[in-house]
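> Need a 3D model of the following:
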Amino acid sequence: MEIELLHGIRHGPDTNHMKYHMVMPRRQVLVQLDDELVLQLDQIALLRGTNRSELLRQGALAIISTESNRLADDALRASYRFTPQDPAIVDAARRLAAETMPTW
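Predicted structure coming up:
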């Protein structure tokens, strides 16, 4: 499921992740961080062979992806509330699970 989150940016399994690495205009954003957080970010960036800005971009993309997944999960749960599963299918799955469950 692909979700449009902000400004027409699509996120989901069909999203071409390589598009992000193409030359795109960027906006500089001022972010205030405490010294300890900057130090930790710089250490992680050094270990990953990247820089602080790229690390923060990756973090922003992770937040957007997480939000996209949360919205998809919410939509899935809402669809089951609107159209609940057939009780016969739930019973059949329960029986099948009981029959195939390994003995520990």
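> could you pull out the helices for the chain?
Ranges of helices in the chain, per DSSP state H, are 35-48, 52-82, 87-100.
> mind giving me TSV with the ones you listed and columns for distance to residue 28, mean neighbour count and mean pLDDT?
(C-beta placed from N, C-alpha, C; glycine too.) Output for the helices of the chain, formatted as TSV (distance: least, C-beta to C-beta, whole Å; neighbours: other C-beta atoms under 10 Å; pLDDT from 0 to 100):
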stretch	distance to residue 28	mean neighbour count	mean pLDDT
helix 35-48	17	11	97
helix 52-82	9	12	93
helix 87-100	53	9	90
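> So which of those helices is nearest residue 25?
helix 52-82 (13.8 Å; C-beta to C-beta).
> Check which helices and strands that closest one sits against.
strand 3-4, strand 10-11, helix 35-48 (3 or more C-beta pairs under 8 Å, 6 or more residues apart in numbering; DSSP states H and E).
> Kindly calculate the angle that it makes with helix 35-48.
Helix 52-82 runs at 100 degrees relative to helix 35-48, counting by axes from the mean of the first three to the mean of the last three C-alpha atoms, to 10 degrees.
> ok, back up a step: between the helices and strands packed on helix 52-82, which one is nearest to residue 58?
Residue 58 lies closest, by C-beta to C-beta, to one member of those: helix 35-48, at 8.9 Å.
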